[in-house]
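Novice: structure for this input, please:
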Amino acid sequence: MDTPPPSDSSARDEAYLRLLAEHERALSAYVFSLVGSAADAADILQECKLALWRMFDRFQPGTNFLAWARTVALHQILNYRRAAKRRPESPHEREFIEAVAAEIDRRGDDLDRRAELLRHCLKKLPERHRAIVLWRYYEECDVETIAAKSERSVLAVYRLLSRIRETLNGCISRQLAASRTP
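Specialist: Numbers count the residues shown, from 1 in each chain. Predicted coordinates for the structure are as follows:
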């Protein structure tokens, strides 16, 4: 869970900026996925950040900042549409936007859980395999560069990456299954 907003002003500012920086990409993706126009989405996102800042004192300690921010963003989207006098193409557009938003929230939580499990499973890999994963997915090295760095053939790197992905997938699947059983 996220940290609560502190009471003094500079600590409050810092806490807000830290939480926003941590969740800004996900919040942006959320807004852009619900708004058809990129220009409108950028405007809404700016208004959303201002609203989040003004309402930060209402953020409940120990709760999920991103979930709270998504709720604020949904209201900003709906308010923007009303203010711009954009009439829905159908009488059910608001319900549709809310349903899509709920599905994004559900999937976002699932992806957050999978990312957490991936970090856990990465720690279980042997150091030499973690290095391969870091080179490929975090440093974005191509397979030829990894082959040179690891003193392996290109084919061996492809095979190793495949085995590592299978191992990580299996680890995540087992963790998810274990968390679902009572």
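Novice: may I see the buried residues of the least confident helix or strand in the chain by mean pLDDT?
Specialist: Least confident helix or strand, the chain: helix 93-124 with a mean of 77, by mean pLDDT, DSSP states H and E. Neighbour-count burial for helix 93-124, counted by 16 or more other C-beta atoms under 10 Å, picks out 97, 101, 104-105, 108, 117-118, 121-122. No exception for glycine: its C-beta is placed from N, CA and C like everyone else's.
Novice: for stretch 140-147, same thing?
Specialist: By 16+ other C-beta under 10 Å, the buried positions in stretch 140-147 come out as 141, 143, 146-147.
Novice: show the pLDDT at the residue minimising distance to the centre of the chain.
Specialist: With distances taken as C-alpha atoms, centre = their mean, the chain has residue 26 as the residue nearest its mean C-alpha position (4.1 Å). Predicted confidence (pLDDT) for residue 26: 86.
Novice: which residue is the nearest non-sequential neighbour of it?
Specialist: Among residues not flanking residue 26 along the chain, residue 66 sits closest, at 5.7 Å (C-beta to C-beta, 6 or more residues apart in numbering).
Novice: residue ranges with poor pLDDT in the chain?
Specialist: 1-8, 61, 84-94, 182 (pLDDT under 70).
Novice: show me the domain layout of it.
Specialist: 1-107, 125-182 (automatic domain parsing).
Novice: for residue 113, find the nearest of the ones you listed.
Specialist: domain 125-182 (7.6 Å; C-beta to C-beta).
Novice: how far does that closest one sit from the chain's center?
Specialist: 22 Å (C-alpha atoms, centre = their mean, to the nearest Å).
Novice: ok, stretch 34-46 next?
Specialist: Distance, centroid of stretch 34-46 to centroid of chain: 18 Å (C-alpha atoms, centre = their mean).
Novice: filter the buried residues of stretch 140-147 down to the ones in helices?
Specialist: Members of the buried residues of stretch 140-147 lying in helices (criterion: DSSP state H): 143, 146-147.
Novice: quick check, nearest of those to residue 134?
Specialist: For these, the nearest to residue 134 is residue 146 (10.0 Å; C-beta to C-beta).
Novice: and the closest one, how close does it get to residue 26?
Specialist: Between residue 146 and residue 26 the computed distance is 29 Å (C-beta to C-beta, to the nearest Å).
Novice: helices along this protein, start to end?
Specialist: With DSSP H as the criterion, the chain has helices at 9-34, 38-54, 65-83, 93-124, 127-133, 143-150, 154-180.
Novice: in the fifth one, what counts as buried?
Specialist: It stands for helix 127-133. Buried-residue list, helix 127-133, by 16+ other C-beta under 10 Å: 129, 132-133.
Novice: likewise for the second one?
Specialist: Within helix 38-54, the residues that count as buried by 16+ other C-beta under 10 Å are 40-41, 43-45, 47-49, 51-52.
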